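Enquirer: what's the 3D shape of this:
(one chain, ligands or ions: 2)
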Amino acid sequence: MSESAYREMWEKLDLDLAAHDGLLEVLGKFYGDIYLSQKGRLNGAEYLDFVLSEVHGLRIKELQDAKAQGKKVIGTFCVFVPEELSLAADAVQVGLCSGADAGKELAEEIVPRNTCALIKSFIGFKLAKLCPFTESCDMIVGETTCDGKKKAYETFGEHVDNMYVMEVPQRKEASDRELWKSEVLRFKDSLEELTGVEITAERLKEGIRIVNEKRRALQRLNALRAAVPTPISGRDVLLVNQISFYDDPVRFTENINKLCDEIEERIAASEGVVPEGTPRVMLSGCPMAVPNWKLPWLIESSGAVIVGEESCIGTRNSRDLVDESGETLEEMLDNIADRYMKIDCACFTPNDERPQNVESMARELDVDGVIQYALMFCQPYTHESIKLDRRLSEAEIPVLGIETDYSMEDAEQLKTRVEAFLEMM
Ligand code: SF4
Ligand code: SF4
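Expert: Ligands and ions are numbered 1, 2, ... in the order given. Predicted coordinates:
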């Protein structure tokens, strides 16, 4: 599609074209510095570069084409929203922008300043008319995870059409599971009403299969990246995880499996993207939504390699599959409810699974250290970071806690701290 056709499309979506041009320019430069400058990238990274270069272009055109065919677009902010159901209702589910501080000042007019950068980002993108994904949505699904998000959705809902909020329980008792199952059913009914498509057992089985295949491809990638020498950079794997929320799931799975085939060849030839002996670091904590690449870039440009991300844009989203043995609609809905209840988000209390998962992941990946990442003002993850710090220290796994936001103002200071940590490891 030509540049002028894209501009026409963005104009129809009521984007602020001048501000949007500025955003794409900054993003392009940032991507060039952080991604395209890497040496020894896999050929399969071309897929990542292409998706990113067309994230506001071709992908948006695909969404518009889907809408012209009568399909609906569902926007989400959290891994609790079951994509299996959206696919079964013949809808397209996409993650919404929340990884850059564009529009921050506008966001701070309607939410407190001491709100995390992720929340300010999705509000800022909407108010500054910068996000073609948000503008393409027929329904935007929020969720009652942390307090910041649930209050922000009240205000955000005044600025978008068709805001829908799922209630996510805060504990994991039997009654919480019951509540969550009823929310899964309510979401199913709302999707059916919006799309006019009945979610049958046959349709849901296919939705479960497609999303499981996507998660299997991510699991395969996560297993392969652990090889020594490390065959793929942490930045590229983070990008794969970020793209998993935007691209068509079938196309994504196919391309990531091809990337994994190439990684297997690299492993067989004992080739790495960094020399053997490069310090291995694991990231743990808040999700890093696109284009939040600051910390991974600082870590990897300081001489380490990231071999795992324990976050929702990482293993927390791909670790568990939906049991595919269900045959009736009821069985499948139960299996979906069970799978999502395994998510160990810091919003749960108690949340004993997460420290266990972090420690065992660090051991399995044989990391030299863990960097805990929390967005400033994120209560759930900063609280858990204190406990996790203690647990990892007791297990003699070096750990560094970083609290930051999306601005680059602290980049130098963070780099100094990361370098000191790498030396200490
Ligand atoms: S960290 Fe919690 S609230 Fe955020 S995406 Fe993950 S599950 Fe949702
Ligand atoms: S980063 Fe923390 S405060 Fe921000 S939305 Fe996620 S859980 Fe809430």
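Enquirer: just how off-centre is the lengthiest helix in the chain within its chain?
Expert: Taking DSSP state H as the criterion, the chain has its longest helix at helix 201-224. Centroid separation for helix 201-224 versus its chain: 16 Å, with Cα atoms, centre = their mean, to the nearest Å.
Enquirer: now it: average pLDDT?
Expert: Mean pLDDT, computed over helix 201-224, is 98.
Enquirer: using CSV, write down the CA coordinates of that helix.
Expert: Written as CSV, here are the backbone C-alpha positions of helix 201-224 (Å, rounded to 0.1, in the frame of the first residue of the first chain):
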residue,chain,number,x,y,z
ALA,A,201,-17.9,-26.2,20.6
GLU,A,202,-16.4,-26.7,17.2
ARG,A,203,-15.4,-23.0,16.9
LEU,A,204,-14.0,-22.9,20.4
LYS,A,205,-11.9,-26.0,19.8
GLU,A,206,-10.3,-24.3,16.9
GLY,A,207,-9.7,-21.1,18.9
ILE,A,208,-8.0,-23.1,21.6
ARG,A,209,-5.9,-25.0,19.1
ILE,A,210,-4.7,-21.8,17.4
VAL,A,211,-3.7,-20.1,20.6
ASN,A,212,-2.1,-23.2,22.0
GLU,A,213,0.0,-23.5,18.8
LYS,A,214,1.1,-19.9,19.3
ARG,A,215,2.1,-20.6,22.9
ARG,A,216,3.8,-23.9,21.8
ALA,A,217,6.0,-21.9,19.3
LEU,A,218,6.9,-19.5,22.1
GLN,A,219,7.7,-22.4,24.5
ARG,A,220,9.9,-23.9,21.8
LEU,A,221,11.7,-20.5,21.3
ASN,A,222,12.2,-20.2,25.1
ALA,A,223,13.7,-23.7,25.3
LEU,A,224,16.1,-23.1,22.4
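Enquirer: and the next element down the chain from that helix?
Expert: Following helix 201-224 in sequence order, the next helix or strand is helix 234-243 (DSSP states H and E).
Enquirer: mind giving me the packing neighbours of that next one?
Expert: Packing partners of helix 234-243 (3 or more Cβ pairs under 8 Å, 6 or more residues apart in numbering; DSSP states H and E): helix 45-53, helix 201-224, helix 249-268, helix 294-300, strand 305-310. Heads up, the C-betas are built off the backbone N, CA and C, glycines and all.
Enquirer: contacts for it, please.
Expert: With contact meaning Cβ atoms under 8 Å, 6 or more residues apart in numbering, helix 234-243 is reached by 34-35, 38, 41-42, 45, 48, 51-52, 99, 218, 221-222, 225, 252, 256, 259, 281, 283, 288-290, 293, 296-297, 299-300, 305-307, 309, 313-314, 317-318.
Enquirer: which among these end up buried?
Expert: Buried subset of the contacts of helix 234-243 (neighbour count, 16 or more other Cβ atoms under 10 Å): 34-35, 41-42, 45, 48, 51-52, 99, 218, 221-222, 225, 252, 256, 259, 281, 283, 288-290, 293, 296-297, 299-300, 305-307, 309, 313-314, 317-318.
Enquirer: for the protein, what spans make up the strands?
Expert: Taking DSSP state E as the criterion, the chain carries its strands at 73-76, 92-95, 139-143, 163-166, 280-285, 305-310, 369-375, 399-404.
Enquirer: out of the ones you listed, deepest packed?
Expert: Highest mean neighbour count among the strands of the chain (mean count of other Cβ atoms under 10 Å): strand 280-285, with a mean of 27.
Enquirer: what angle sits between that one and strand 369-375?
Expert: With axes from the mean of the first three to the mean of the last three Cα atoms, to 10 degrees applied, the angle from strand 280-285 to strand 369-375 works out at 30 degrees.
Enquirer: strand 280-285 pairs with which strands, and in what direction?
Expert: Taking DSSP bridges as the criterion, strand 280-285 forms sheet pairs with strand 305-310 (parallel), strand 369-375 (parallel).
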